[in-house]
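Asker: just the structure for this:
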Amino acid sequence: MAEDENKEEAAPKSNKLLIIIIVILIVLLVGGGAAAFFMLGGDKSSGDTEVSMDSSSSPAIYYDLKPPFVVNYSWKGRQRYVQINLAVKTRNESVVSALKKHMPLVRNNLVQLFGAQDFQALQTPEGKEVMRQAALEDLQKILIDEMGDEGVEQVLFTNFVMQ
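Answerer: All right, here's what the predicted structure looks like:
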């Protein structure tokens, strides 16, 4: 009789375990199907087959402005120097061509911009960010004047040395 009671208790436990496993599998299948639906763009209408190519979908192009910019400052009666390596980020090869073509103008404007900065302000992250934003605006202005498109997304300081 004791054996019969053990068999009766074991059967409901295995049924509960089987039900739990089935429920988990159903939840995983439904969740996976919903995720696949949204990832594959299931919310598009069946007639919407046009693919648009905007500038954010094309790969980024990084162009180094070489040689590095070296600017001197007089600070607290001593001669100080800043060396800046710059790269620009764009998504259009024609912007790189325009930068190469107008490099004397680009370098002139950036040297003047960097030389006009306060040496003490450049020692702070905020000062460097202000100068980086000013360089971006200056480059975009040159490109708008020369090719009608600002083209440069970011100016990146790849090396910044102060001494």
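Asker: got a list of what Phe23 touches?
Answerer: Just to correct that, residue 23 is Val rather than Phe. Val23 makes contact with no residue under the criterion Cβ atoms under 8 Å, 6 or more residues apart in numbering. No exception for glycine: its C-beta is placed from N, CA and C like everyone else's.
Asker: and the longest strand along the chain, what does it pack against?
Answerer: In the chain, with assignment by DSSP state E, the single longest strand is strand 61-75. When contacts are defined as 3 or more Cβ pairs under 8 Å, 6 or more residues apart in numbering; DSSP states H and E, strand 61-75 sits against strand 78-90, helix 93-101, helix 103-115, strand 152-162.
Asker: what's around the nearest residue to Leu86 once chain neighbours are set aside, how many residues?
Answerer: Using Cβ to Cβ, 6 or more residues apart in numbering and skipping the chain neighbours, the partner closest in space to Leu86 is Leu65 (4.5 Å). Using other Cβ atoms under 10 Å, Leu65 has 21 neighbouring residues.
Asker: can you check Val161 too?
Answerer: Other residues close to Val161 by other Cβ under 10 Å number 11.
Asker: look up how far Ile20 lies from the residue nearest to Leu86.
Answerer: For Leu65, the distance to Ile20 equals 63 Å [Cβ to Cβ, to the nearest Å].
Asker: how many residues are close by Arg107?
Answerer: With other Cβ under 10 Å as criterion, Arg107 counts 14.
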